[in-house]
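S.K.: Got a predicted structure plus its sequence, pasted below:
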Amino acid sequence: MASQYQGSQLKYINSSRIDCHWRREILQLKDGGEVCLDWLDMDHDPEKPTIIILPGLTGSSKSEYIKSFILTARDVGIRCVVFNNRGRGGLELKTARTYCAANSDDLEEAILHIKGVYPNAPLMATGISLGGMILGNYLVTRGEKASEYLVAAMVLSIPWNVFVGTESLEKPLWNLLLNRHLAGCLCDSIRNMREQLEGNYDWDLDHVMQSKTIREFDSRFTAIQFGFRDVEDYYRSACLHDKLDEIKVPLLCLSAADDPFQPIEGIPIEAANKSSHVAIVVTARGGHIGFMEGILPTNTYYSDRLYGQLIKGIFSSLDEMKDIREEANRFAKENALGKSEKTSSAS
């Protein structure tokens, strides 16, 4: 597996909020692009359980919510690596390509690389917000292949139905203000990458950087860059609410009913109830990647507590996880057969 890659570069960076050094690995991708993998464990135990964590839309290993999950995993003895998307985490963009919710090619290369380095280490994946959508689409599009590499996965605060989430984010006042703030962050990112993105391409960078909402940004840049017909085609491809029965990896999902990125009507609760291996936990409160606990919330997070319990259970019950993955494959095949029979009878 490792031989498929052009190689990687290593260096060490400090984090003032974590009492150890990151080990930064620059992973060179097949198309000449680069992503960086930030490792929090200096222990090279070849069989130590490992988790790959994917940040959100403009996040990186420096994001506070990422550090929170990492520290939770570290406290239970799990090796962690953060997958920073192209151009994120302080890494310069090398090609005229960034990232999007519907494309998981870079993640697949990172997973293959990690399994090549630690082939005997059980691997789990965690994705937050946009990172959860990338992970979810990896699970959907890779099917059984994903279950060969991952023992389990968890996603948090993901926009299951992107159309419902986008409509919510465009409602005044606070949701729209949040939307405009994030669109501004995306435009700033493009401004910083302008030199790499200029050239004979189908997008107009000046027009892109005038985007006031995420939908406008995706319409003017993301959908064009990744070859979708339009922004609706991109969002349709990114949606996960109608694809749960294609996932073949045990998956826990944490959502909040008051998340402005995904109102509760967009969360596929009924589909999860029918699934043998996909579970969705919906809290009444939590917003987007919030989940703070207590009457006067400070630094205690329900998401951290749930995460710690989950990874302890997974990595202490790997034999049982194999049985669940087999059940997941059977469930997915039975659903695919049922869909095929319905299609045949309808025609």
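M.R.: Sure thing, it's come through.
S.K.: Tell me which residue is most central in the chain.
M.R.: With distances taken as CA atoms, centre = their mean, Gly131 lies nearest the centre of the chain, 2.1 Å away.
S.K.: how about the helices in the stretch 101-250 of the chain?
M.R.: 105-117, 130-142, 144-149, 162-169, 174-192, 194-197, 205-208, 214-217, 223-225, 231-238 (DSSP state H, counting those that start in this stretch).
S.K.: most packed of the ones you listed?
M.R.: helix 130-142 (a mean of 25; mean count of other CB atoms under 10 Å). Yep, even glycine has a C-beta here, placed from its N, CA and C like the rest.
S.K.: so how far is it from its chain's centroid?
M.R.: Helix 130-142 has its C-alpha centroid displaced from the chain centroid by 6 Å (CA atoms, centre = their mean, to the nearest Å).
S.K.: tell me what that helix is packed against?
M.R.: strand 50-54, helix 105-117, strand 123-128, strand 150-156, helix 231-238 (3 or more CB pairs under 8 Å, 6 or more residues apart in numbering; DSSP states H and E).
S.K.: Go ahead and name everything in contact with it.
M.R.: 53-57, 59, 83, 99, 101-104, 107-108, 111, 125-127, 146, 150, 153, 155-159, 237-238, 240, 243, 246-249, 251, 253 (CB atoms under 8 Å, 6 or more residues apart in numbering).
S.K.: what's the angle between it and helix 162-169?
M.R.: 170 degrees (axes from the mean of the first three to the mean of the last three CA atoms, to 10 degrees).
S.K.: pretty sure Lys212 is in contact with Leu177, am I right?
M.R.: No - in this structure, Lys212 is not within contact of Leu177 by CB atoms under 8 Å, at 11.1 Å.
S.K.: Flag the shaky bits of the protein, pLDDT-wise.
M.R.: 1-21, 42, 297-298, 340-347 (pLDDT under 70).
S.K.: chain center to stretch 206-222: distance?
M.R.: 22 Å.
S.K.: Using PDB, list the CA coordinates for that stretch.
M.R.: Listed next in PDB are the C-alpha coordinates belonging to stretch 206-222 (Å, rounded to 0.1, in the frame of the first residue of the first chain):
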ATOM      1  CA  ASP A 206     -13.000  37.900  -8.400                       C
ATOM      2  CA  HIS A 207     -16.600  36.700  -8.500                       C
ATOM      3  CA  VAL A 208     -15.900  33.800  -6.100                       C
ATOM      4  CA  MET A 209     -14.500  36.300  -3.500                       C
ATOM      5  CA  GLN A 210     -17.600  38.400  -3.700                       C
ATOM      6  CA  SER A 211     -19.700  35.400  -2.300                       C
ATOM      7  CA  LYS A 212     -21.800  36.400   0.700                       C
ATOM      8  CA  THR A 213     -23.200  32.900   1.500                       C
ATOM      9  CA  ILE A 214     -21.800  29.400   1.500                       C
ATOM     10  CA  ARG A 215     -24.300  28.500  -1.300                       C
ATOM     11  CA  GLU A 216     -22.900  31.300  -3.500                       C
ATOM     12  CA  PHE A 217     -19.300  30.200  -2.800                       C
ATOM     13  CA  ASP A 218     -20.100  26.600  -3.600                       C
ATOM     14  CA  SER A 219     -22.000  27.700  -6.800                       C
ATOM     15  CA  ARG A 220     -19.100  29.900  -8.000                       C
ATOM     16  CA  PHE A 221     -16.200  27.700  -7.000                       C
ATOM     17  CA  THR A 222     -16.700  24.300  -5.300                       C
END
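S.K.: what does it contact?
M.R.: With CB under 8 Å, 6+ apart, stretch 206-222 has contacts from 98, 100, 166, 169-170, 176, 179-180, 182-183, 186-187, 190-191, 203-204, 230-231, 234-235.
S.K.: Throw the helices and strands packed on helix 130-142 into CSV and include distance to Ala271, thanks.
M.R.: Putting the helices and strands packed on helix 130-142 into CSV (distance: least, CB to CB, whole Å) gives the following:
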stretch, distance to Ala271
strand 50-54, 22
helix 105-117, 23
strand 123-128, 19
strand 150-156, 14
helix 231-238, 17
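S.K.: nearest to Leu306, of the ones you listed?
M.R.: strand 150-156 (8.8 Å; CB to CB).
S.K.: which neighbours does the closest one have in its sheet, and in what orientation?
M.R.: If you go by DSSP bridges, strand 150-156 pairs up with strand 123-128 (parallel), strand 251-256 (parallel).
S.K.: out of those strands, which comes closest to Glu270?
M.R.: So among the strands paired with strand 150-156, strand 251-256 is nearest, using CB to CB, at 13.7 Å.
S.K.: and the closest one, how far from the chain's centre?
M.R.: Remark: strand 251-256 is offset 12 Å from the chain centroid, using CA atoms, centre = their mean.
S.K.: separation between Leu57 and Glu265?
M.R.: For Leu57, the distance to Glu265 (CB to CB, to the nearest Å) stands at 22 Å.
S.K.: The two: who's more crowded?
M.R.: Leu57 (19 against 10; other CB atoms under 10 Å).
S.K.: Thank you, goodbye.
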